[in-house]
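S.K.: no sequence for this one, just the structure:
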């Protein structure tokens, strides 16, 4: 059994990790920390876990995380980097669901996250946990930087185009729409039900923290600098990201074949038949990214549609997938949920 | 392996059966029928099933249902009663998710369902598939009448009060609220998104078909005639029923103990601590009924709160639970989903 | 022109007052206070008001409220009672949308609101601003206690039954469902979109502050003590209250005629034809209460359905209606909006 | 008083016309037709109109439309073109909310709408009713082609860029999101609540009927052929369109000034301050288009955000605006609603 600790169990990525891990046959949950809620049974906060998760929140000091085999950080940015060195030193593998280890260029990271990094050497060591591009590196890693939600949907959508070098990399647009759970569980006015329901808006058009993360990935795929515009929107979904991607490609490329070939064998990327429109609910609760490729009016503009559940393939599910890889398990253990429709 | 057939796979109870059965380790799906969609891969209609359910819809004639071990009817009322006798004769067990076999009094059934019954003798034989009251009978049954969604939530909520004889049975009120999937997948104006979203209304106050079904159960529990008022409401949920039940009980009864004792050992009924308010989302996708009991201001009016997912414990999940019982399996096989929250 | 001030303009009742008053032909908005947001143009916070409300929030000290003809308090409970005496002394009429002056029994008020009342004599003077019962008193009042949202829907629904003395007053039940805007605009976890969407729950079953307010009204209507059970629920609506009321009435009473007669001539109470089911959206944005009366199965249990928009007839609209009465205007000035459907 | 007739009053544009016209001081509603519902009081179908609209639906033959001053067609495509010539001949002005007269190139129209046009000469005569570009022509017109919902939001958003000739017209992208009421009130499976709630998807990526309509407008603004990609999406709103527009513009253009100048004096177009993100709810129920212009990271990619209420500025409100212009009234009569927030 893999002994698992979770740091920061009171947010949505925390409870989603628990939903998935509660049924993982190879996992023994050892500790879930919350300084503020220490002592409260986890199932008192998240009643879906009643009868399934017996643990109470523990304070970080008493959690015994060093005795775990793997620790997930489901914390705000800047927390994992404070604790990771000690855990690695104790032989614990670390999977950070926040952004502390995602961006290799420290100056870029510090600009966007507005803090000094606590352990630059670990940034260099960390493996970006997108299995579809880094599976082999993940196998041998000690420290996984679990990708952001938007970055997962957008990078998987652009990946075949850029790897194949068929798109004009100077002009890439991602128009992305996210459900409200992506904004977290900390109470803020703009994500109240009466503010976010029956409402749609863009946000952070001037610059969003996922922009440099995605750009880093696209440039790796393309092997060159890219021009990349990213506009995120808030939509009245609980869960789900729909990324609509625009790029220019010569008219002689067989895009459907390109995508099907690239993701053949990937259990969690589903390339839909030509002409399809993936729906976010088709992946609700599932660790799947569904992708469809279009070329409207037969022109040189390509439109890629990519959907994920932001809490699963965009966060907790991908983290469990990474854990499965780290420990030599089949990737889909505890990730076999069929999307919940309706 | 249990060979399973499903008649009527294009509605919400059908797709939910498929979601659950796709992961059932002892089940082999043999056929899903739809006269209208025969030939279409099921996953083309329900994209959450892509890669998980390979079957196409078949016409009823070619489905080979007689070779199945069990057939689920996820059909409109009046269909199962036409086909059940032949299936039973072929040694197939039948679980009807519609109302054909739920009401023992034929005159009542015919009044509310406005048709003549095709097989009165089978009504007498059928076992009402609420495991918490009929587990032993279910074990040996050939034909299960799977309960309605409202009836499941309301009967489980009143059960301890009436069995114990502590409530005034002449005055029972169920104020019930249902998500819109309970109205089915057939397109009708009043369940369009733009009609049902951001809207709340009662319906069928003059009389709903679940009223006689519930009344039959309550009278069995109480051993006498009951006075029962039932007001259903449509609320902007996809899934979920919340029943708020009112009854009068002497002030000397320990209600919390009564409920905990009655449901001790029931895997799918969760009695919450005193003072709790169950949320529908805590059972979203799960086969659980959560119940809380209140006595406001310490008076003689008891308020019971009972929540289920109408498509799981209120339909497909309970049907799978009944199948597990029929075939001697642990009741929770394929029903171990944790509720999806958020 | 009536010079109007609003204290506490950053919540939902505040912005709704502004939406309505912005088009009131006899009103001149003089000040909207918010200590925290002083200086910010109101339309920066509420973009629907762009081009329609030019005012900025002002600090309470600089707002010049004493020079107004009427001041609305759209503040948390306990604020209005601190400032009302001075305003009345300056000849300003006061309409409090909070609960400071609603309950005549000070001990009851102090128990439920957990504070000492600052001006008991003004409680005695205040007129409860439900025009359908108190129109004449409102005309001559200096201080109006604007009713709560649940109390408006529930009291109007029970009013004819109790005034006519036809119901068993020892047993009255109100099962009420509210949209999330009723919980205010202060960020709290349980009213986040990802918590309240696709979810339904009861709350405060043990006791809600609107219970004594409603009970006071029902007892006034009935002229005796009543037994009253109140269960509020949170439903995924932005706006709207649906109250489902239960009472016992002899079978010889013509309920439809009773309700139609009682509300004949009331511009803002609409008694629907027998057999109707009012929808909350039919009053979205409108100052209307729609009511339907049922007697299921012809028995002695009466079911009354009553819907309002909690921010209009349940708060800001009723406050404007009261202002119109206070200043001798037709009641429907600025309240002629047709409900927004869909 | 302007005598008004409405053909096709049972859809969402019909009921929205009624909501607006019910309060129009210069309008006398003479007839609302529905062959199917002839005889039913309009308010029985749309209860928000109770007490405000006394008319019953009439059959087209008995409606006396020739005696009206203006007739609105709120009908499916292809209906207005059958009846317009006779009405014009009788001296009645016609405003078509459907697409019969929007596209000047008949071959294009017939390709996209898959029918033969009944009156090509009237297509040539019809004025495209976007007041912000065609106000003077509308004043003298007999026949108005009221723009589509997406076309209104997208054309107003691109207008200043293209008129000024500052954008690369060979590459324009509109990523548009619509509330579900845009799909109409005819029951279809994909717009059921349980299908469209908590779900997000693109549709018609291969080609949508609004694409040629928008393209025609953009080419008129630009004075040249344009390259235009249009991707519509369905989002769980009742009302609202959010168009996110992408274009390339030299870095020396002052976009904010360009937009403010172009729309100065327009009562129904609101250019937000630089850096803003318009929300659909800020125009809910209002006849306003709010626009914000962004240049992320200071590059040459411009992002324009444009929001409308699809039923108001995108349909019925714009139609009333056109009627006001046709009859020499101030444009905002009956269109002064403040957006309903929350």
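M.R.: On my side now, so go ahead. Not measured: the values here are computed from a predicted model.
S.K.: when you work out contacts or count neighbours from here on, use the C-alpha atoms and nothing else.
M.R.: Noted.
S.K.: mind checking the SS state of residue A:71?
M.R.: Residue A:71 carries the three-state label strand when classified by DSSP: H, G, I helix; E, B strand; the rest coil.
S.K.: who's it bridged to?
M.R.: Taking DSSP bridges, one finds residue A:5, residue A:94 as the beta-bridge partners of residue A:71.
S.K.: residue contacts, it?
M.R.: Each residue near residue A:71 by C-alpha atoms under 8 Å, 6 or more residues apart in numbering or on different chains is listed here: A:4, A:5, A:6, A:7, A:65, A:92, A:93, A:94, A:95.
S.K.: now for the third one, how many residues are close by?
M.R.: Using other C-alpha atoms under 10 Å in any protein chain shown, the number of residues around residue A:6 comes to 27.
S.K.: tell me how far it lies from chain B.
M.R.: 18 Å (C-alpha to the nearest C-alpha, to the nearest Å).
S.K.: any idea how far that residue is from residue A:57?
M.R.: Applying C-alpha to C-alpha, to the nearest Å, the value for residue A:6 to residue A:57 is 10 Å.
S.K.: just the fourth one next, same as before
M.R.: When distances are taken as C-alpha to C-alpha, residue A:7 and residue A:57 turn out to be 10 Å apart.
S.K.: what touches both of the two?
M.R.: Common neighbours of residue A:7 and residue A:57, counting by C-alpha under 8 Å, 6+ apart, are A:32, A:33, A:34.
S.K.: which ones are touching residue A:276?
M.R.: Counting by C-alpha under 8 Å, 6+ apart, residue A:276 touches A:292, A:293.
S.K.: which residues in the stretch 1-150 of chain A form helices?
M.R.: Counting by DSSP state H, counting those that start in this stretch, the stretch 1-150 of chain A has helices at residues A:12-21, A:42-45, A:80-89, A:106-113, A:120-125, A:131-139, A:149-163.
S.K.: dump these to a markdown table, plus mean neighbour count.
M.R.: Supplementary listing: the helices of the stretch 1-150 of chain A in a markdown table, determined by neighbours: other C-alpha atoms under 10 Å in any protein chain shown:
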| stretch | mean neighbour count |
| --- | --- |
| helix A:12-21 | 24 |
| helix A:42-45 | 18 |
| helix A:80-89 | 17 |
| helix A:106-113 | 15 |
| helix A:120-125 | 16 |
| helix A:131-139 | 16 |
| helix A:149-163 | 24 |
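S.K.: now the spatially closest residue to residue A:216 that is not a sequence neighbour: phi and psi?
M.R.: Counting by C-alpha to C-alpha, 6 or more residues apart in numbering or on different chains, residue A:216 lies nearest to residue A:103, which is 7.4 Å off, once chain neighbours are set aside. Note on residue A:103: backbone dihedrals following degrees, to the nearest 10 are phi -110, psi 120.
S.K.: residue A:103: neighbour count?
M.R.: Neighbours of residue A:103 using other C-alpha under 10 Å come to 24.
S.K.: try residue A:118
M.R.: Residue crowding around residue A:118 was assessed by other C-alpha under 10 Å; the count is 17.
S.K.: per-residue confidence at it?
M.R.: On the pLDDT scale, residue A:118 is placed at 97.
S.K.: check residue A:71 too.
M.R.: In the predicted model, residue A:71 carries a pLDDT score of 98.
S.K.: now the one 3 residues further on
M.R.: At residue A:74 the predicted local distance difference test score is 98.
S.K.: could you measure from it over to residue A:275?
M.R.: Distance check for residue A:74 against residue A:275: by C-alpha to C-alpha, it reads 37 Å.
S.K.: returning to what we had before: got the contact list for the residue nearest to residue A:216?
M.R.: Shown in contact with residue A:103 (C-alpha under 8 Å, 6+ apart): A:109, A:123, A:212, A:213, A:216.
S.K.: and the furthest pair within those residues?
M.R.: By the measure C-alpha to C-alpha, A:123 and A:212 form the most distant pair in the contacts of residue A:103, at 15.1 Å.
S.K.: out of the contacts of residue A:71, who's the most crowded?
M.R.: When neighbours are counted as other C-alpha under 10 Å, the busiest of these turns out to be residue A:95, with 30 neighbours.
S.K.: can I assume that one is in contact with residue A:138?
M.R.: No - distance between residue A:95 and residue A:138: 10.6 Å, which falls outside the contact criterion (C-alpha atoms under 8 Å).
S.K.: which residues are in contact with both of the two?
M.R.: By C-alpha under 8 Å, 6+ apart, residue A:95 and residue A:138 have these common neighbours: residue A:144.
S.K.: tally of neighbours for residue A:257?
M.R.: For residue A:257, the tally of surrounding residues (other C-alpha under 10 Å) stands at 11.
S.K.: so it sits in a helix?
M.R.: Yes - inclusion of residue A:257 in a helix is indicated when three-state DSSP is applied.
S.K.: direction included, what does the host helix or strand of residue A:248 pair up with?
M.R.: Per DSSP states H and E, residue A:248 falls inside strand A:241-248. Based on DSSP bridges, the strands next to strand A:241-248 in the sheet, each with its direction, are strand A:172-178 (antiparallel), strand A:301-308 (antiparallel).
S.K.: so which of those strands gets nearest residue A:330?
M.R.: For the strands paired with strand A:241-248, distance to residue A:330 was read as C-alpha to C-alpha. The smallest value, 20.8 Å, belongs to strand A:301-308.
S.K.: what distance separates that closest one from the centre of its chain?
M.R.: In terms of C-alpha atoms, centre = their mean, to the nearest Å, the centre of strand A:301-308 is set 17 Å apart from its chain centre.
S.K.: next one: the residue of the stretch 201-342 of chain A found nearest chain C from residue D:175, what distance?
M.R.: In the stretch 201-342 of chain A, no residue comes nearer to chain C than residue A:238, which is 5.1 Å away by C-alpha to the nearest C-alpha. From residue A:238 over to residue D:175 the distance is 22 Å, taken as C-alpha to C-alpha.
S.K.: give me the more crowded residue out of the two.
M.R.: residue A:238 (27 against 22).
S.K.: got the phi and psi for the more buried one?
M.R.: Taking degrees, to the nearest 10, you get phi -70, psi -50 for the backbone angles of residue A:238.
S.K.: need the contact list for it.
M.R.: When contacts are counted by C-alpha under 8 Å, 6+ apart, residue A:238 touches A:179, A:180, A:181, B:342, C:193, C:194, C:197, D:198.
S.K.: can I get those residues in TSV including pLDDT, neighbour count and distance to residue A:227?
M.R.: Formatted as TSV, those follow (pLDDT from 0 to 100; neighbours: other C-alpha atoms under 10 Å in any protein chain shown; distance: C-alpha to C-alpha, whole Å):
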residue	pLDDT	neighbour count	distance to residue A:227
A:179	98	26	26
A:180	98	28	28
A:181	98	24	29
B:342	97	23	36
C:193	98	29	34
C:194	98	29	34
C:197	98	29	37
D:198	97	25	32
